[in-house]
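Asks: Pasted the sequence and its predicted model underneath.
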Amino acid sequence: MQPRETLASWQQLLTHAQQMKHQHMNALFAKDSERFDKFSIKLPSILLDYSKNLITEKSISLLIQLAQECQVEQWRERMFKGERINSTENRAVLHTALRDKTQSAIFVNGKNISQDIKQTLDRIKSISEDIRRGLWLGFSGKRITDVVNIGVGGSNLGPQMVTEALKRFSDDSVNLHYVSNVDGTQIAEVLRPLNPENVLFIISSKTFTTTETILNAKTAMKWLTAASFDQTAIAKHFIAVSANKENALKFGIAAENIFEIWDWVGGRFSLWSAIGLPIAIQLGFEHFEELLAGAYEIDCHFRQTPLTQNVPVILALLSIWNCTFLEAQSQAILPYDQSLHMLSAYLQQAEMESNGKSVNWSGETINYPTVPSIWGALGINGQHAFYQYLHQSNNIVPADFIGSVASVTPVQGHHETLMANFFAQTQALMQGVDEQQVRADLKAKGRCSKYIDKVAPHKVHQGNRPTNTLLMNQISPYSLGSLIAIYEHKIFVQGIILQICSFDQWGVELGKGLANKIEHQLRNQQVDENNDSSTYQLIKHYHQVKSK
Ligand code: F6P
């Protein structure tokens, strides 16, 4: 395995980055009237403009060379064909098979998984339709009015982000709720207004061992059985989605209510599987299918389009350019569409759990900056909160601006105001305003020179802050499917180039193990002397305050 730093393109990019650091995007735009055409890609439902990055044609050509030297195209094929590219867990990575419209045969361990996928989709269709039509009845013969999805991480964020984004496509035949937090407040608040007779729980857990989910599921089970002691009630009120059928059965879920997912679907890429059941229940199966179709379009684009015109590849290369070579350590996700209010939370898991690692495929320490931390919020709200930092702090935060040409909920006059801000912000971040201009503006407003001297330095914006604009035609199941798949493939490409195992998450295990030990101490009013002194004193204080 060739260390990335020894690649010719890597070395050239290092030198090129030092030169580019002295450039300003204003000059690059002034020099080249075709910059937008050169640095934008139009897909059927999404336009990517990446011209407002600190790049030239040379930068892109070197980055493409890097992708080629890292064999991105070959790795891409290995993923689509089902090779075990998740090397630390020895698994295939096949979320793309879940949305393959052609249902082509694809084999994992000698088994054609396309048949399993088809069967599962058929079950999602029939169960979601039964629930939506009021044919699935609770223990007292009443229809299901409320579905509570219990799951965390990938077993929560994907379905919740999508159902929030596509609310306008729901006919409200069922109310959907999500419980992810082990803080009892959440489940108590969700269940408080509900009647057990009308509630169906989906216990979503790939492993069926996640402590938080199992505890919430037990609480839900107690809540139901307090209303009906009849064991048959459980089969009418509990569904499980899991790769661990044995544990789901042991928990008490009826065999016919268990939806299978497979080890070749990573948790954070699983909304296309039965983990997406809440999506089909709330939006209808045809909308779930459209979501899959939108993702499939991107799978084809990613697989077939040359690297230079390939949206996920370009986004990955820009992230590497900004983070690894220009050393920007975080990236903001800024949707200008209320429906995407959970997108940054979703992408935090997708990107940070995938690529937030510091050893390469061989287990050697990586000596270069890898991926940025991902954060963000709805753009408009952010403008009145943290954009000050984006515009004028010493830290450069590259940002993805995501907006829509048409609103799904047009309210007269609102969308133009929203989108005016959307376009203005990337312009302001790029152009900035220099001191000369600031002074001229203040003078034109009749300000005295004393005031101008005092205030001018504070009003200077250096600009030159990189942004990508992802402009969707409109949020729909199809376009949202495309958007999510773009980011999934971006994450894959980043992992390949940076030599990171993107499909495991060992980093969450240590804390889980320690929490188990500490939970024992909390429940038994003990403090283990082997704790470090900080943790020891904190637990002691906890016990003292609690016993008062
Ligand atoms: O926190 C780690 C993690 O394993 C995620 O990768 C996963 O999405 C989440 O927990 C939930 O896991 P499960 O679906 O197995 O309950």
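Replies: Perfect, thanks for sending it. Numbering: from 1, shown residues only.
Asks: drop to CA atoms for contacts and neighbour counts, all remaining ones
Replies: OK.
Asks: Residue 190 touches residue 180, doesn't it?
Replies: No: between residue 190 and residue 180 there is no contact, the gap being 11.0 Å when judged by Cα atoms under 8 Å.
Asks: Between those two, tell me which one has more neighbours.
Replies: For residue 190 versus residue 180, neighbours defined as other Cα atoms under 10 Å are more numerous around residue 180 (19 against 13).
Asks: That one and residue 237: what is the separation?
Replies: Here residue 180 is placed at a distance of 18 Å from residue 237 (Cα to Cα, to the nearest Å).
Asks: need the residues of the stretch 101-250 of the chain near the ligand, please.
Replies: For the stretch 101-250 of the chain, the residues in contact with the ligand (Cα under 6 Å from any ligand atom) are 152-155, 205-208, 210.
Asks: Out of those residues, which comes closest to residue 404?
Replies: For those, the residue nearest residue 404 by Cα to Cα is residue 154; the value is 25.7 Å.
Asks: Tell me the one of the residues of the stretch 101-250 of the chain next to the ligand nearest residue 60?
Replies: Checking these against residue 60 with Cα to Cα, the nearest one is residue 154 at 33.1 Å.
Asks: Do you know the pLDDT at the nearest residue to that closest one once chain neighbours are set aside?
Replies: Nearest non-adjacent residue to residue 154, counting by Cα to Cα, 6 or more residues apart in numbering: residue 268, 4.2 Å away. pLDDT, residue 268: 98.
Asks: do the same with residue 92
Replies: 97.
Asks: quick one, strands of the stretch 151-300 of the chain?
Replies: Per DSSP state E, counting those that start in this stretch, the stretch 151-300 of the chain carries strands over the ranges 175-179, 199-204, 238-242, 258-260.
Asks: Ignore what I typed, I meant the chain.
Replies: Secondary structure of the chain, counting by DSSP state E: strands at 40-42, 46-49, 107-108, 111-112, 146-150, 175-179, 199-204, 238-242, 258-260, 330-336, 373-376, 399-406, 467-474.
Asks: Taking the centroid of this protein, which residue is nearest it?
Replies: When Cα atoms, centre = their mean is applied to the chain, the residue found nearest the centroid is residue 347 (2.2 Å).
Asks: Kindly state the beta-bridge partners for the closest residue to it other than its chain neighbours.
Replies: Excluding the flanking residues, the one nearest residue 347 by Cα to Cα, 6+ apart is residue 374, at 7.3 Å. Note on residue 374: beta-bridge partners residue 331, judged by DSSP bridges.
Asks: Count the neighbours of residue 374 for me.
Replies: For residue 374, using other Cα under 10 Å, the count is 20.
Asks: and it, what does it touch?
Replies: 330-333, 344, 347-348, 351-352 (Cα atoms under 8 Å, 6 or more residues apart in numbering).
Asks: Quick check: it vs residue 358, distance?
Replies: Using Cα to Cα, residue 374 is found at 16 Å from residue 358.
Asks: how deep is the closest residue to the ligand within the stretch 1-150 of the chain tucked in, by neighbour count?
Replies: Residue nearest to the ligand within the stretch 1-150 of the chain: residue 150 (9.3 Å; Cα to the nearest ligand atom). For residue 150, the count of nearby residues is 26 (other Cα under 10 Å).
Asks: That one reaches residue 203, doesn't it?
Replies: Yes: if you go by Cα under 8 Å, residue 150 and residue 203 touch, sitting 4.9 Å apart.
Asks: Overlap in contacts, these two.
Replies: Common contact partners of residue 150 and residue 203 (Cα under 8 Å, 6+ apart): 213, 217.
Asks: residues contacting residue 180?
Replies: 150-153, 156, 186, 212-213.
Asks: Chain neighbours aside, what residue packs nearest to it?
Replies: Excluding the flanking residues, the one nearest residue 180 by Cα to Cα, 6+ apart is residue 152, at 4.7 Å.
Asks: pretty sure that neighbour is touching residue 181, no?
Replies: Yes: with contact defined as Cα under 8 Å, residue 152 reaches residue 181; the gap is 7.3 Å.
Asks: Narrow the contacts of residue 180 to those in helices?
Replies: Within the contacts of residue 180, residues falling in helices by DSSP state H are 186, 212-213.
Asks: who's the residue of the stretch 1-150 of the chain closest to the ligand bridged to?
Replies: In this entry, residue 150 is beta-bridged to residue 179, residue 203, by DSSP bridges.
Asks: how much space between it and residue 214?
Replies: On the measure of Cα to Cα, residue 150 and residue 214 end up 9 Å apart.
Asks: With residue 155 instead?
Replies: Distance, residue 155 to residue 214, by Cα to Cα: 13 Å.
Asks: who has more neighbours, these two?
Replies: residue 155 (27 against 20).
Asks: who are the neighbours in contact with that one?
Replies: For residue 155, the contact set (Cα under 8 Å, 6+ apart) comprises 204-206, 267-268, 270-271, 275.
Asks: circling back to that earlier point, okay if I get the strands of the stretch 151-300 of the chain as a markdown table plus mean neighbour count?
Replies: Shown next, in a markdown table, are these (neighbours: other Cα atoms under 10 Å):
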| stretch | mean neighbour count |
| --- | --- |
| strand 175-179 | 19 |
| strand 199-204 | 27 |
| strand 238-242 | 25 |
| strand 258-260 | 21 |
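Asks: Show me which residues of stretch 62-71 are buried.
Replies: Within stretch 62-71, the residues scored as buried using 16 or more other Cα atoms under 10 Å are 62-67, 69-70.
Asks: any idea of the mean pLDDT for that stretch?
Replies: For stretch 62-71, the mean pLDDT works out to 98.
Asks: Find out how far it is from the centre of the chain, if you would.
Replies: The chain centroid and the centroid of stretch 62-71 are separated by 25 Å under Cα atoms, centre = their mean, to the nearest Å.
Asks: Residue 191: neighbour count?
Replies: Using other Cα under 10 Å, residue 191 has 17 other residues around it.
Asks: coming back round to it: hang on, the residue nearest to residue 154 packs against residue 349?
Replies: Yes: Residue 268 lies in contact with residue 349 (Cα under 8 Å); the separation is 6.9 Å.
Asks: Pull up the overlap in contacts between the two.
Replies: 153-154.
Asks: okay, now residue 82: neighbour count?
Replies: By other Cα under 10 Å, 20 other residues sit near residue 82.
Asks: What residues does it make contact with?
Replies: Applying Cα under 8 Å, 6+ apart, the residues near residue 82 are 92-94, 106-108.
Asks: In contact with whichever residue of the stretch 351-500 of the chain sits closest to the ligand: list those residues for me.
Replies: Nearest residue of the stretch 351-500 of the chain to the ligand (Cα to the nearest ligand atom) works out as residue 353 at 7.1 Å. Residues in contact with residue 353 (Cα under 8 Å, 6+ apart) are 502, 505.
Asks: likewise residue 190?
Replies: Neighbours of residue 190 in contact, by Cα under 8 Å, 6+ apart: 177-179.
Asks: At which residues are the helices of the stretch 201-350 of the chain located?
Replies: Applying DSSP state H, counting those that start in this stretch to the stretch 201-350 of the chain gives helices spanning 211-227, 232-237, 245-251, 277-283, 285-304, 311-320, 343-347.
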